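Colleague: Have a look at this prediction, sequence included:
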Amino acid sequence: MIETASLSRAQLRRLLRERRRALDPHRQRQAARRLYRQLAQHPLFRRSRHLALYLPNDGEIDPGLLLAAAQRRGKATYLPVLNAWPATRMVFQRVHSGEPLLPNRFRIREPHPNRARQRKVWTLDLLLMPLVGFDAEGGRLGMGGGFYDRSLAYRARHRYCRKPVLLGLAHECQKVDRLALASWDVPLAATVTDRAWYAADNRKVARKGQLHRNPCGACE
Ligand SMILES: Nc1nc2c(c(=O)[nH]1)N(C=O)[C@@H](CNc1ccc(C(=O)N[C@@H](CCC(=O)O)C(=O)O)cc1)CN2
Ligand SMILES: Nc1ncnc2c1ncn2[C@@H]1O[C@H](COP(=O)(O)OP(=O)(O)OP(=O)(O)O)[C@@H](O)[C@H]1O
């Protein structure tokens, strides 16, 4: 596992992105199948009715089997869509199987923006998030755009909100010993890899004042 102490966030990002990009197509398919087995029968996935996923980019683990399973089971599935303005914002839009998708400015495919199909993030049940690096305490390092952090900034204000449940998805090789939390970072409930679940110790996070045990009246 990588010792993070001597590395900057930028160095760590570069190293971990290289690692996941180095996985060959066979390893990627194997990891995607294993990820599916970790999650498909889990109550958090089975019980969710509205869930957001992503389409893989830059060597990310592929949740495509979960997306297809969710659609087969009649769940409403959502993908991130980047806003034209402000360009720092991202929304979650419903996607149906077989719907045409267009590349965004990072060449990640997304549905054509349609306000009527977008849903507020706090009304989703489950958010499956891509990441560059993670630790076993709910720490997440993303691509550096701050898109997920901005979408989840309401968590700092809605003190008792627990929707959606935040799960990071990753290859095992993206695990690091410890990530320093930035003030805007929103901790994950767990990260699921092709090999294991890493559930955050909620008591520790709660002591930091960042995770709340009860649902929020305004958000439920
Ligand atoms: N699959 C997936 N979808 C996602 C995200 C993600 O991390 N993964 N995002 C999570 O936030 C948002 C997009 N954020 C991104 C931020 C930076 C880059 C990126 O590749 N930056 C390149 C420069 C690309 C360019 O300018 O053309 C780089 O840093 O090398 C990609 C996506 C929304 N959708
Ligand atoms: N809630 C927020 N409000 C305003 N700016 C934010 C917020 N959260 C993050 N940012 C900005 O986004 C930038 C990138 O943040 P960070 O490096 O944590 O992104 P990331 O988690 O790696 O990316 P992503 O969430 O897109 O995968 C930071 O420099 C920060 O200024």
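Modeller: Arrived safely, thanks for sending. Given the structure is predicted, the values throughout are model-derived calculations rather than measurements. Ligands and ions are numbered 1, 2, ... in the order given.

Colleague: Where does pLDDT dip in the chain?
Modeller: Where the chain drops to pLDDT under 70, the residues are 159-160, 202-220.

Colleague: Could you tell me the end-to-end distance of stretch 118-130?
Modeller: Stretch 118-130 has an end-to-end distance of 19 Å (C-alpha to C-alpha, to the nearest Å).

Colleague: An error on my part: the question was meant for stretch 73-85.
Modeller: Terminal-residue distance, stretch 73-85 (C-alpha to C-alpha): 34 Å.

Colleague: Which residues does that stretch contact?
Modeller: Counting by C-beta atoms under 8 Å, 6 or more residues apart in numbering, stretch 73-85 makes contact with 48-55, 67, 70-71, 89-96, 101, 104-106, 110-111, 113, 118-119, 124, 147, all of which sit outside it. C-beta here means a position set from N, CA and C on the backbone, and glycine is covered the same way.

Colleague: chain center to it, what's the gap?
Modeller: In terms of C-alpha atoms, centre = their mean, to the nearest Å, the centre of stretch 73-85 is found 13 Å from the chain centre.

Colleague: can it be found next to ligand 2?
Modeller: No - using C-beta under 6 Å from any ligand atom, stretch 73-85 stays clear of ligand 2, with a minimum separation of 9.2 Å.

Colleague: likewise stretch 189-197?
Modeller: No - using C-beta under 6 Å from any ligand atom, stretch 189-197 never reaches ligand 2; the gap is at least 13.5 Å.

Colleague: Wait, Arg9 touches Leu141, no?
Modeller: Yes - with contact defined as C-beta atoms under 8 Å, Arg9 reaches Leu141; the gap is 6.8 Å.

Colleague: neighbour-wise, which of the two wins?
Modeller: Between Arg9 and Leu141, counted using other C-beta atoms under 10 Å, Leu141 has the larger neighbour count: 22 against 15.

Colleague: Correct me if wrong: the more buried one contacts Arg14.
Modeller: No - using C-beta under 8 Å, Leu141 is not in contact with Arg14, being 11.3 Å away.

Colleague: I'd like to know which of the contacts of stretch 73-85 are buried.
Modeller: 48, 50-55, 67, 70, 90-95, 104, 110-111, 124, 147 (16 or more other C-beta atoms under 10 Å).

Colleague: Now do the contacts for the spatially most central residue of the chain.
Modeller: For the chain, the residue sitting closest to the mean C-alpha position, by C-alpha atoms, centre = their mean, is Met129 at 0.7 Å. Met129 sits next to 54, 140, 142, 148, 166-169, 188 when contact means C-beta under 8 Å, 6+ apart.
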